[in-house]
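**Q** Next come a sequence and a model predicted from it.
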Amino acid sequence: MFNPKKVWLLYARRLYNILSKNLDSIAFQLKTNLAEVITELNLNLNQDQKEHLFEIALAFFQEEYLEAYRKASQGEEPQTKLSAMQSCIVVEETMGYPVTKLFQAMVQEIINNQDKAEEVVTDILIKKFGAYPTQAILKINLRDTPIPENHLPDFCLAKAIKTVVDKYAVAEAS
C-alpha cells in the first residue's frame, strides 16, 4: 500500500545524502554565485561583507537544509508546533518566498503518482522540484527587494543547491 509519509522520508534521505556528499561543491558554487550576483546587482560590498554573506549562507545550509533533511529523513518532527502549511505561510510572510504553491504542487505530485512505488515518486519529486524550497527562493527577483543583501545568501545558496541536485537528477536519468 502506498505511503505518502515514506515518500517524504525517502525524499529527505536522498537529498541529505546528495547534499552531504557535495559539501565542497556547494561551498565552491556558493562563493562563485555570490561573486556573480554581487557584480550583476552592482552592489558595493567590501571583502568583509562578502565573507559575512558567505558565512550566513553556509550556516543557513547547515541548519535549514542539511539538519532539516537529516531530521526529516529519520522521521523527526520539527520542534515547532506549526503544520507544514503554517510554516509555508510564515516563510512567505517573513521572507517573501512563494513556498506554499511549491509545497502544494509537491503534495499534488505525490497524490497523482499513488500508483507508483514510493522510490519512483521520490525520484519524480527530486527531478521535478529539486531540493525544497530552492525553486521558491529562486523565483524572487533580487532587484525588486528593498535590501537585496538580505536575500542574497539564500538566493545564491539555492542556486548552488539547484546545480548540485540537477547534476544528480541528470546522472540518475542516464
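**A** It's in. Numbering: from 1, shown residues only.
**Q** what's the helix ranked longest in the chain packed up against?
**A** The helix that spans the most residues within the chain, counting by DSSP state H, is helix 148-173. For helix 148-173, the elements it packs on are helix 4-21, helix 23-40, helix 47-60, helix 118-129, helix 134-138, judged by 3 or more Cβ pairs under 8 Å, 6 or more residues apart in numbering; DSSP states H and E. C-beta coordinates here come from the backbone N, C-alpha and C atoms, glycine included.
**Q** Pick the most buried one from those.
**A** Using mean count of other Cβ atoms under 10 Å, the stretch among the helices and strands packed on helix 148-173 with the greatest mean number of neighbours is helix 134-138 (a mean of 21).
**Q** ok, back up a step: pipe the helices and strands packed on helix 148-173 into TSV and attach mean pLDDT and distance to Pro148 per row.
**A** TSV is the format used below for these (pLDDT from 0 to 100; distance: least, Cβ to Cβ, whole Å):
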stretch	mean pLDDT	distance to Pro148
helix 4-21	94	25
helix 23-40	97	8
helix 47-60	96	11
helix 118-129	95	25
helix 134-138	94	13
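**Q** contact partners of stretch 58-73?
**A** In this structure, residues lying in contact with stretch 58-73 by Cβ atoms under 8 Å, 6 or more residues apart in numbering are 8-9, 12-13, 15-16, 19-20, 26-27, 30, 78, 131, 153-154, 157, 161.
**Q** gap between Ala12 and Val165?
**A** The spacing between Ala12 and Val165, counted by Cβ to Cβ, to the nearest Å, is 13 Å.
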